[in-house]
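**Q** coords please:
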Amino acid sequence: MAGEPFYVTTPIYYVNDVPHIGHAYTTLACDALARFMRLDGRDVLFLTGTDEHGQKVEKAAQELGIAPQELADRNSAKFRKLAADMGYTNDDFIRTTEGRHLKAVQHLWRILRERDEIYLGTYAGWYSVRDEAFFNESELIKGENGKLIAPTGTGAEVEWVEGPSYFFRLAAWQDRLLEFYHRNPDFIAPESRRNEVLSFVKGGLQDLSVSRTSFKWGVPVPDDPDHVMYVWLDALTNYLTAVGYPDTESEAFTTYWPADLHMVGKDILRFHAVFWPAFLLAAGIEPPQRVFAHGWWTNEGQKISKSLGNVIDPTALVAEYGLDQVRYFLLREVPFGNDGDFSRAAMVQRINGDLANGIGNLAQRTLTLIQRNCEAKIPQGGDSSDGDSDLRRACGPSLLAAMRQNMEQQRFHMALQEFMSAVSAADAYITANEPWALKKTDPHRMSAVLYTLAEAIRTLAILAQPFIPDAASRLLDQLAVPEGKRNFSQIEGEGALTPGTDLPKPEGIFPRHVQPSGA
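**A** As a prediction, the model looks like this:
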């Protein structure tokens, strides 16, 4: 597996608004996965960025009295800052207003036209500006004010749109898409989302309008500049742009395409799991390996919305609770793929229960015992018991295998559950062996027990790096683990701690969180 490429992407985020918890959540999941794969020896490309064209961007700019490009520049910078503030390790940040992207999108359009997959016609139908999508009348929901609402859960009203448009022959791809899904059962995840897509496609596809003449903020259609491209054909192509398309012979393209994973929110699954593979197959390009659609967050049981004033600012969340704490909570609290509810009580419970009383307390107890009883050096070890070997396996190779399997399926919550089970096993081991009592009765056994615990903490810290990177790094520092010995290949063998190595004075990595009264 070493050196095998791994290409993971977030959706690119609309610049008509500022970053919120949903953006942070999607990118966090990709970041944890990218970090895990790098530590596991994979050659990772992790992409995020901003989607800067479309009617709603143009409208938002008009309402502010500025040019669309100025709005795009302003809000794209905020998404870059979010990535920095949250410690994301993306390798590229793409903007759809970049020249490299314009070149890629227009090339894809020309290929589709040459293959007769796009034709000029006239469109009349219901359109949601907020969702940048057309909907059949049968899909629409009647709102409280009698107006028709898009079925996406955004509450967006639709409007009747008519005019000339280029169309993609999506209807002709219905059976071929169903065959593609059959041959690639893991293409859409989780299973509930796959079933939604299958039901939608089996219900019948219509040709897709892929250009607009009602506004100008978009990529001009080649040879027909009165039209701009449909924002989703524009946006989805970013995944190709980042690997050098249209140069399909480039090192980046041949190394990383097809993408291993597109991570998306459930509201944009249809675009990624229906339109995108159809565009690619029609152009003679292999589709990505997998599209995973996760759920949405509510806030203390309420749907998050501007009108309720309960939008969660991820930067403010980090300032209040800590970066690693927020990362851990978001990935551990909810089965990934499901909807989840953010609550301060649940956040504090995870911080104190799992982090402070769990890995934090285990590390502090063990390192303090070593400091006091082993001259602040890695213990010499000694004869091992079956219990010692069991703990090393539980916190090392066995844990890595279980976490790897879960991460490959984007079961972040299960990977962290396995991790915390190993922490509990180490807690049980220290309680059963009572190293504090062995100093007088059997100092050699005390040394062996503390060495086994130190080794368990070393491997736990290495495996914690994708999720709580700052705390894991500080813990590895306290064990004097060199920078070059912190990847997964060091969990066994040569990576083991060297007895006699000097250790710094231990410091807590996860203080308990006390919620201010009235908060």
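**Q** measure L177 to S138 for me?
**A** L177 sits 20 Å away from S138, taking CB to CB, to the nearest Å as the criterion. Every C-beta, even on glycine, is put in place using the N, C-alpha and C of the backbone.
**Q** pLDDT weak spots in the stretch 51-200 of the chain?
**A** Applying pLDDT under 70 to the predicted model, the residue ranges of the stretch 51-200 of the chain that meet it are 153.
**Q** D341 reaches W296, doesn't it?
**A** No - counting by CB atoms under 8 Å, D341 does not reach W296; the two are 10.0 Å apart.
**Q** looking at those two, which is more packed in?
**A** More neighbours surround W296 than the other of D341 and W296, with 17 against 14 (other CB atoms under 10 Å).
**Q** which strands border the least confident helix or strand in the chain by mean pLDDT, and is each parallel or antiparallel?
**A** Least confident helix or strand of the chain, by mean pLDDT, DSSP states H and E, is strand 133-135 with a mean of 78. Each strand paired with strand 133-135, and its direction, by DSSP bridges: strand 118-128 (antiparallel).
**Q** what sits up against the strand it pairs with?
**A** Residues outside strand 118-128 that contact it (CB atoms under 8 Å, 6 or more residues apart in numbering): 109, 112, 133-137, 140, 148, 150, 152, 154, 156-169, 207, 209-210.
**Q** same check on stretch 483-490?
**A** A2, R38, L39, D40, G41, L400, I462, L463, Q465, L476, E494, G495.
**Q** mind checking the SS state of the fifth one?
**A** Reducing the assignment at G41 to three states with DSSP: H, G, I helix; E, B strand; the rest coil gives coil.
**Q** so how far is G244 from it?
**A** As judged by CB to CB, G41 and G244 stand 24 Å apart.
**Q** who has more neighbours, the two?
**A** G244 (19 against 15).
**Q** element containing the more buried one?
**A** Here G244 is covered by no helix or strand, with elements defined by DSSP states H and E.
**Q** tell me the confidence at it?
**A** Predicted confidence (pLDDT) for G244: 98.
**Q** out of everything not next to it in sequence, what's closest to it?
**A** In space, not counting the residues next to it along the chain, G244 is nearest to S250; the distance is 3.7 Å by CB to CB, 6 or more residues apart in numbering.
**Q** show the pLDDT at L308.
**A** With respect to pLDDT, L308 scores 77.
**Q** no, scratch that, I was asking about N361
**A** N361 carries a pLDDT value of 97.
**Q** what do you get for K216?
**A** Predicted confidence (pLDDT) at K216: the value is 93.
**Q** what sits against it?
**A** By CB under 8 Å, 6+ apart, the contact list for K216 reads E58, V228.
**Q** filter the contacts of strand 118-128 to the buried ones?
**A** The neighbour-count test (16 or more other CB atoms under 10 Å) applied to the contacts of strand 118-128 identifies 109, 112, 133-135, 140, 148, 150, 152, 156-158, 161, 165-169, 207, 209-210 as buried.
**Q** from the residues you listed, which land in strands?
**A** Among these, the residues falling in strands (DSSP state E) are A133, F134, F135, L148, V161, S165, Y166, F167, F168, S209.
**Q** hang on, isn't the last one packed against Y166?
**A** Yes - taking contact to mean CB under 8 Å, the distance of 7.5 Å between S209 and Y166 places them in contact.
**Q** thought M229 was touching V210?
**A** Yes - counting by CB under 8 Å, M229 sits close enough to V210 to count as a contact (6.5 Å).
**Q** please enumerate the helices of the stretch 351-500 of the chain.
**A** 361-373, 386-395, 397-408, 412-433, 435-441, 443-464, 469-478 (DSSP state H, counting those that start in this stretch).
**Q** let me see the mean pLDDT of the fifth one.
**A** Along helix 435-441, the predicted confidence averages to a pLDDT of 94.
**Q** which residues touch the nearest residue to A346 once chain neighbours are set aside?
**A** Closest residue to A346 apart from its sequence neighbours, by CB to CB, 6+ apart: E333 at 6.1 Å. E333 sits next to G340, A346, R350, H413 when contact means CB under 8 Å, 6+ apart.
**Q** give the buried subset of those residues as a PyMOL selection command.
**A** Entered in PyMOL, the line below selects the buried ones among the contacts of E333, by 16+ other CB under 10 Å:
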select buried, resi 340+350+413
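**Q** need the ones in strands among the buried ones among the contacts of strand 118-128 in JSON lines (columns: distance to M86).
**A** As requested, those are exported to JSON lines (distance: CB to CB, whole Å):
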{"residue": "A133", "distance to M86": "29"}
{"residue": "F134", "distance to M86": "34"}
{"residue": "F135", "distance to M86": "34"}
{"residue": "L148", "distance to M86": "37"}
{"residue": "V161", "distance to M86": "38"}
{"residue": "S165", "distance to M86": "39"}
{"residue": "Y166", "distance to M86": "39"}
{"residue": "F167", "distance to M86": "40"}
{"residue": "F168", "distance to M86": "36"}
{"residue": "S209", "distance to M86": "36"}
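**Q** which two of the residues you listed have the greatest separation?
**A** For those, the farthest-apart pair by CB to CB is L148 and Y166; their separation is 25.3 Å.
**Q** just the strands in the stretch 251-400 of the chain please.
**A** Here the stretch 251-400 of the chain has its strands, by DSSP state E, counting those that start in this stretch, at 261-265, 291-294, 297-299, 302-303, 340-342.
**Q** of those strands, flag the one that's most buried.
**A** Sort the strands of the stretch 251-400 of the chain by mean neighbour count, taking mean count of other CB atoms under 10 Å, and strand 291-294 sits at the top with a mean of 26.
**Q** what sits against the nearest residue to D267 once chain neighbours are set aside?
**A** Nearest residue to D267, sequence neighbours excluded (CB to CB, 6+ apart): T152, at 5.1 Å. Contacts for T152 (CB under 8 Å, 6+ apart) come out as S128, D131, A133, D267.
**Q** try A32
**A** Residues in contact with A32, defined by CB under 8 Å, 6+ apart, are R327, L331, M407, F412, P466, F467.
**Q** mind redoing it with 10 Å?
**A** A32 makes contact with 88-89, 327-328, 330-331, 407, 410, 412, 415-416, 465-469, according to CB atoms under 10 Å, 6 or more residues apart in numbering.
**Q** again, but for S211
**A** When the contact criterion is CB under 10 Å, 6+ apart, the partners of S211 are 109, 118, 120, 123, 163-168, 218-221, 224, 226-230, 233.
**Q** let's see 8 Å
**A** S211 is in contact with S165, Y166, V221, D224, H227, V228, M229, Y230, counting by CB under 8 Å, 6+ apart.
**Q** and what of Q55?
**A** Counting by CB under 8 Å, 6+ apart, Q55 touches V129, E132, R212, S214, F215, W217, V231.
**Q** equivalent analysis for I312, please.
**A** Residues in contact with I312 (CB under 8 Å, 6+ apart) are H20, I21, W297, N299, I304, F342.
**Q** swap in 7 Å and give it another go.
**A** Neighbour list for I312: H20, I21, N299, I304, F342 [criterion: CB atoms under 7 Å, 6 or more residues apart in numbering].
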